[in-house]
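K.L.:
build me a structure from this.
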Amino acid sequence: MWFDPVGTLNGVAVEPLPHGAQDGPSRRRQQGRELRGHAWPLRELPRTITSQPLRSVRLAVAGLGYWGPNLVRNLYEMSDVDIVSACDIRPEALAPVALRFPTVRTSRKFEDLLEDESIEGILIATPASTHFELACASLAAGKHVFVEKPLASSSHAASELIALAAQKDLVLMSGHTFLYSPPVNLVRSLIDAGQLETIYAISMSRVNLGIHRTDVSVIWDLGAHDFSILRYWLGEMPTSVAALSRDCTIRDKPDVAFVTLSFPSGTIAQVELSWLAPSKLRRTTIVGSSKMVVYDDTSNEPVRIFDSGVMNRTPQSFGEYRLSYRTGDIISPAIDPVEPLALEMADFCAAIRERITPRSSAQLGLDIVRIIEAAERSASAKGAPIPLPSDHDSAPGPATLAACASPQARSGVRRFDQPSS
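P.N.:
Numbers count the residues shown, from 1 in each chain. The predicted structure follows:
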């Protein structure tokens, strides 16, 4: 198995759950996963090299800005994928792809991808404002769809895409690459195995100097990463979100934000996001009642497990209250150096072939959009907490779905095919 939730983690022994631990928040989170079906147990992800040949999946990529070429590269290197075409309206974006990947056709028209019956799936890496229209047109044309985060620019639009994909019996996947990161999955395995026991708090920092976006705020751009990791680790949606932000550089486009999330299990999380910091920082601290973990995406030791904590000592006299602090071993497990994007692409192809739910599902993508919307509303309300209802209230109507699948929607897709970011 790629990730073993019990027994060992990359060769590091995992202790069994202490007696009674299954009755705590860890068990409640696992029960929540089973009941809601919004998070999935760890399973072995498909490898790009297999003992038996797999049916090739024929795919195309739309958008060759910052992230699109990475999608093309990974798909091109997979033996069980035929990448048919790459699309962008800018000739200067198409030229490097045509030079490096000569067997990949290039096009400046998104309609070429929709009309090519040999293409099974389309991967969309265009600006967030175009995700809904392009994904909608792709699903209407009978294509499986992978959409880079965010799934859509509103929860209502994301719900419409999910409904249309279900109606057409097609795979719709949201691109949250960190769900395929080996360090992130190692931490999730520790949580599921009960090694941290009760999770008190999580603090996350994702800051750098740039790159400023003109189409979305820092919450939409960077927050999606940390919110998806939290959703994946904890297996539950927050009950409320509070945020403060400031637009220091570009008017009405906040580049600094602090977001606080409260979860049903009692865990609280603080997320710091910024395009305006002197250096790059990607650091997360998880405080558990038994152990603590530091996950640093920029470190040579991305995961460190601290056998540290606080213990209540038995009072020796009336009114005496004493604490003792425990500092034990620090373990840095070996991490398999696999590119997360390669695993994510393999999962998308497996979902198409086997009609299984991918780890980064559309439902998870919808959950992340709902968290982002709540954070944006809170920031607009000067930090007032925004409750998140447990039930989704953004179901699409049949008229909207019919319009999405109409020939008019497909013929008008050119106006949404803007330069990718």
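
K.L.:
A98: what's it in contact with?
P.N.:
Applying Cβ atoms under 8 Å, 6 or more residues apart in numbering, we find A98 in contact with V104, T106. Heads up, the C-betas are built off the backbone N, CA and C, glycines and all.

K.L.:
so it sits in a helix?
P.N.:
Yes. Counting by DSSP: H, G, I helix; E, B strand; the rest coil, A98 is part of a helix.

K.L.:
how about the longest helix along the chain: buried residues?
P.N.:
In the chain, taking DSSP state H as the definition, the longest helix is helix 362-380. Across helix 362-380, burial judged by 16 or more other Cβ atoms under 10 Å covers 362-376, 378-379.

K.L.:
next: stretch 267-279.
P.N.:
Buried-residue list, stretch 267-279, by 16+ other Cβ under 10 Å: T267, A269, V271, E272, L273, S274, W275, A277.

K.L.:
which one of the residues you listed is nearest to D252?
P.N.:
The shortest approach to D252 among the buried residues of stretch 267-279 belongs to W275, at 14.5 Å (Cβ to Cβ).

K.L.:
how about the helices of the stretch 51-200 of the chain, start to end?
P.N.:
Along the stretch 51-200 of the chain, counting by DSSP state H, counting those that start in this stretch, helices occupy 68-76, 91-100, 110-115, 131-140, 155-168, 182-192.

K.L.:
residue contacts, the nearest residue in space to L134 that is not next to it in sequence?
P.N.:
Distances taken as Cβ to Cβ, 6 or more residues apart in numbering place I124 nearest to L134, at 5.1 Å, with adjacent residues excluded. Contacts for I124 (Cβ under 8 Å, 6+ apart) come out as A62, G63, T130, H131, L134, A135, S138, V145, F146, V147, E148.

K.L.:
of all these, which two lie farthest apart?
P.N.:
Greatest spacing in those, by Cβ to Cβ: T130 and F146 (14.5 Å).

K.L.:
compare those two (neighbour count), which wins?
P.N.:
Set T130 next to F146 and count neighbours by other Cβ atoms under 10 Å: F146 wins out with 30 against 23.

K.L.:
the more buried one contacts H131, doesn't it?
P.N.:
No. Counting by Cβ atoms under 8 Å, F146 stays clear of H131, with 10.9 Å between them.

K.L.:
export stretch 93-105 as CSV, just CAs?
P.N.:
Taking Å, rounded to 0.1, in the frame of the first residue of the first chain, the C-alpha atoms of stretch 93-105 are listed here in CSV:
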residue,chain,number,x,y,z
ALA,A,93,1.9,30.1,-24.7
LEU,A,94,1.4,27.4,-27.3
ALA,A,95,4.9,27.6,-28.8
PRO,A,96,6.9,26.2,-25.9
VAL,A,97,4.4,23.3,-25.6
ALA,A,98,4.6,22.5,-29.3
LEU,A,99,8.4,22.5,-29.1
ARG,A,100,8.8,20.3,-26.1
PHE,A,101,5.9,17.9,-26.8
PRO,A,102,5.8,17.5,-30.6
THR,A,103,3.1,14.8,-30.6
VAL,A,104,0.6,17.1,-28.8
ARG,A,105,-1.6,19.1,-31.1
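
K.L.:
ok now that stretch, how far from the chain's centre?
P.N.:
Put simply, stretch 93-105 sits 28 Å off its chain's centre (Cα atoms, centre = their mean, to the nearest Å).

K.L.:
please name the nearest non-neighbouring residue to L94.
P.N.:
Nearest to L94 is T106, by Cβ to Cβ, 6+ apart, at 4.3 Å.

K.L.:
residue contacts, that neighbour?
P.N.:
Here T106 is in contact with S85, A86, C87, D88, L94, V97, A98 (Cβ under 8 Å, 6+ apart).

K.L.:
okay, now the residue nearest to the fourth one when sequence neighbours are not counted: neighbour count?
P.N.:
In this case it means D88. Residue nearest to D88 in three dimensions, not counting chain neighbours: L64, with 4.1 Å by Cβ to Cβ, 6+ apart. Other residues within reach of L64, judged by other Cβ under 10 Å, total 26.
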